[in-house]
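S.K.: Below are the sequence and a predicted model for it; my questions follow.
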Amino acid sequence: MIELTIPISAEQILSLHAGDAVSISGIATTGRDAAHKYMVERLIEAQRPLPAEDQRLFDELKTIYRGGAIYHCGPIVRKTGERWSIVSAGPTTSIREEGYEDKVIAAFGLRVVIGKGGMGARTLAACKAHKAVYIHAIGGAGVTSAEAMVEVLDVFKKEEFGLPEAFWKIRFRRFPGIVTMDAHGRSLHEELGKGFDERLAGLLRG
Amino acid sequence: MTCDERNRLSGPAFGEALFELIRRTACDLPGDVEQALKRAYDEEAPDSKARTILPLFLENIVLAREKRVPLCQDTGLPLFFIHHPSGFSQRAMATACAEAVARATREQFLRPNAVDPVTGRNSGNCVGEGIPGVYFEEGDAEALSVALMLKGGGSENVGRQYSLPDDALHAGRDPEGVRRAVLDAVRRAEGKGCPPGILGVCIGGDRGSGYLHSKHQLLRPLDDVNPDPVLADLEKRILLEANTLGIGPLGLGGKTTLLGVKIGALHRHPASYFVTVTYMCWECRRREIRIEADGTWCFIG
């Protein structure tokens, strides 16, 4: 198990290879469908100047994401008094963000995208160009994942996006996953997919 | 309201039973699915990724049960399947289901999963137009039973409907055509539906009834045998063959791509021949309760 701590350097990213088991520690956020649409359409590609509220969030996210990570996850959260905590928080399917992720990686200098199911050619190219990796978390393992999300530090866009889709700023401690797309242009998903195709063709030929 | 209906539906007992049904379904994976995952571990090669991943699944199951928290953050769409004697108000039962869902969401046993597609607003309580899904069947039996399935969104997205014949797949209107379509669906789902999955398949019906009937199949226990010998053979064959595709747990390779295949059939229009596949993730969350005439209730199975 390779331990990664945010902020993560380009050198560390280049030392990782598809298939490596890793764990991540440090401060990162969740972000899924509404968050990605928002980041690209209303922050990265929006007309300048941005509305003050969006500019504030843009600046905050830049601080978190430089050398950092985004986690494709819509958690179940609990509020006790004034404090939020994470109840269950495994990964959501990443491919829905394929149209956005390359722009997010480029704009923020993200080093790590965490999710499940893998992503496509555009994200793979962005990982290579900007020294980032895609880490596959354990789909369905909501409780064990939540155990590694030890503290909720803040939340952005909660009212507008709803609880599952908000940006939850969280302290991660040894969150486990497997590198499936690396910064050298290798995607385990792509490689395995070729085998699936061949074996399916074999079954349908017979 | 009949005396029987009053006993079973009114007062706190019915709502309490529905709430407990939701809580347990979200937090406690059925034994047949857990056993199948344990068997899958034994089948996988030592040093494989599958051997790393499957124990993490099993650890999550134990931890969720112990801590009484949802197995997965996506507690899915709540779908209730209610069998009831004649004379029961379906509207009253549907309202009780929605109230139990809202309460379970307040208590973090469900995630608020009802989003208005026009405004983008999350209703906040997991209740909205068409959510929860509540389906009724009136039967001769005196028993009132409520089955609940929590259907995850990621796996729902990889469901598919085929209209046979399908030239590209060389799939005609026969069991061989069904086999080809279903194997294609498994390949396309690859790791995106959280394999090892369970397939609910409907042959026939129309575009709407096909999907609903395919979900009904997912209520069947993994070890049951289809009473129709043709469908039983097809289920067995597709399960065996899908597990040679190499997709494996989470799509990262392995021998366990599916835990089960359940096929049902509906009569079809002469012009149509649909094969509808619903993909259930490895966390196949389904439970059923029976409510007696005196209002007492228990889990079945």
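M.R.: Ah, there it is.
S.K.: For the nearest residue to A:G177 once chain neighbours are set aside, list each beta-bridge partner.
M.R.: The shortest distance from A:G177 to any non-neighbouring residue, by CB to CB, 6 or more residues apart in numbering or on different chains, is to A:I135 (4.0 Å). For every residue, glycine as well, the C-beta is placed using N, CA and C. Using DSSP bridges, the bridge partners assigned to A:I135 are A:I114, A:V179.
S.K.: Tally up the residues packed near A:I135, please.
M.R.: Number of residues near A:I135 (other CB atoms under 10 Å in any protein chain shown) recorded here: 27.
S.K.: Give me the contact list for the lengthiest helix in chain A.
M.R.: Ranked by residue count, the top helix of chain A under DSSP state H comes out as helix A:188-205. Helix A:188-205 has contacts (CB atoms under 8 Å, 6 or more residues apart in numbering or on different chains) with A:18-19, A:117-119, A:124, A:180-181, B:169-170, B:180, B:183-184, B:187, B:190-191, B:241, B:244-247, B:251-253.
S.K.: Sort out which residues of it are buried, please.
M.R.: Neighbour counts over helix A:188-205 (16 or more other CB atoms under 10 Å in any protein chain shown) mark A:188-190, A:192-193, A:196, A:199-200, A:203-204 as buried.
S.K.: Which pair of the residues you listed spans the longest distance?
M.R.: Largest separation among the buried residues of helix A:188-205 by CB to CB: A:L188 and A:L204, giving 24.4 Å.
S.K.: tell me the secondary structure for the residue in the stretch 201-301 of chain B that chain A sits nearest to?
M.R.: Closest residue of the stretch 201-301 of chain B to chain A, CB to the nearest CB: B:E283 (4.6 Å). The local conformation at B:E283, judged by DSSP: H, G, I helix; E, B strand; the rest coil, is coil.
S.K.: secondary structure class for the nearest residue to B:F81 once chain neighbours are set aside?
M.R.: The shortest distance from B:F81 to any residue other than its chain neighbours is 4.3 Å, reached at B:A147 (CB to CB, 6+ apart). With three-state DSSP as the basis, B:A147 sits in strand.
S.K.: Could you report the neighbour count for the nearest residue to the residue of the stretch 201-301 of chain B closest to chain A once chain neighbours are set aside?
M.R.: Closest residue to B:E283 apart from its sequence neighbours, by CB to CB, 6+ apart: A:G140 at 4.6 Å. Using other CB under 10 Å, A:G140 is surrounded by 29 other residues.
S.K.: how close does A:G140 get to B:V101?
M.R.: Here the distance between A:G140 and B:V101 works out to 21 Å (CB to CB, to the nearest Å).
S.K.: likewise A:T5?
M.R.: Between A:T5 and B:V101 the computed distance is 41 Å (CB to CB).
S.K.: out of these two, which sits in the more crowded spot?
M.R.: B:V101 (28 against 12).
S.K.: Just the pLDDT for the residue nearest to A:H72 when sequence neighbours are not counted.
M.R.: Nearest non-adjacent residue to A:H72, counting by CB to CB, 6+ apart: A:G115, 3.4 Å away. pLDDT for A:G115: 98.
S.K.: can you pull the buried residues of stretch B:40-52?
M.R.: For stretch B:40-52, by 16+ other CB under 10 Å, it's B:40-41, B:44, B:48-52.
S.K.: Turn these into CSV, columns for secondary structure and distance to B:H216.
M.R.: Below are these laid out as CSV (DSSP: H, G, I helix; E, B strand; the rest coil; distance: CB to CB, whole Å):
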residue, secondary structure, distance to B:H216
B:A40, helix, 25
B:Y41, helix, 29
B:E44, coil, 31
B:S48, coil, 34
B:K49, helix, 34
B:A50, helix, 30
B:R51, helix, 34
B:T52, helix, 35
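S.K.: give me the subset of those residues touching chain A.
M.R.: By CB under 8 Å from any CB of the partner chain, the members of these lying near chain A are B:49, B:52.
S.K.: what's the neighbour count on the residue nearest to A:H72?
M.R.: Other residues close to A:G115 by other CB under 10 Å number 27.
S.K.: quick one: contacts for it?
M.R.: A:71-73, A:91-94, A:97, A:134-137.
S.K.: Could you list which of these belong to strands?
M.R.: Applying DSSP state E to the contacts of A:G115, the entries found in strands are A:71, A:134-136.
S.K.: which among those gets closest to A:K158?
M.R.: Closest to A:K158, out of all of the ones in strands among the contacts of A:G115 and judged by CB to CB, is A:Y71, at 16.4 Å.
S.K.: Name the nearest residue to that closest one, ignoring sequence neighbours.
M.R.: A:Y71 sits nearest to A:I114 (CB to CB, 6+ apart), 4.4 Å away.
S.K.: Kindly provide the distance from that neighbour to A:A121.
M.R.: 19 Å.
S.K.: got it, and B:C202?
M.R.: 34 Å.
S.K.: now A:A35
M.R.: Taking CB to CB, one finds A:A35 at 22 Å from A:A121.
S.K.: And those two? Which one has more around it.
M.R.: Neighbours around A:A35 and A:A121, counted as other CB under 10 Å, are more numerous at A:A35. The numbers are 25 against 11.
S.K.: May I ask which helix or strand encompasses the more buried one?
M.R.: helix A:33-38 (DSSP states H and E).
S.K.: Check which helices and strands that helix sits against.
M.R.: If contacts are counted by 3 or more CB pairs under 8 Å, 6 or more residues apart in numbering or on different chains; DSSP states H and E, helix A:33-38 sits against helix A:98-108, helix A:158-161.
S.K.: which residues sit against the shortest one?
M.R.: Okay, so that is helix A:158-161. The set of residues external to helix A:158-161 that reach it, using CB under 8 Å, 6+ apart, is A:34-35, A:38, A:166, B:122.
S.K.: Tell me where chain B has helices.
M.R.: Under DSSP H, chain B gives helices at B:3-9, B:11-27, B:31-43, B:49-67, B:90-106, B:153-157, B:175-189, B:207-217, B:229-242.
S.K.: Which of those helices sits closest to A:F172?
M.R.: Using CB to CB, the nearest of these to A:F172 is helix B:49-67, at 16.6 Å.
S.K.: can you list the residues that contact the closest one?
M.R.: For helix B:49-67, the surrounding residues in contact (CB under 8 Å, 6+ apart) are A:21, A:88, A:138, A:140-144, A:147, A:176, A:178, B:27-29, B:34, B:37-38, B:40-41, B:44-45, B:70-71, B:248-250, B:252-256, B:282.
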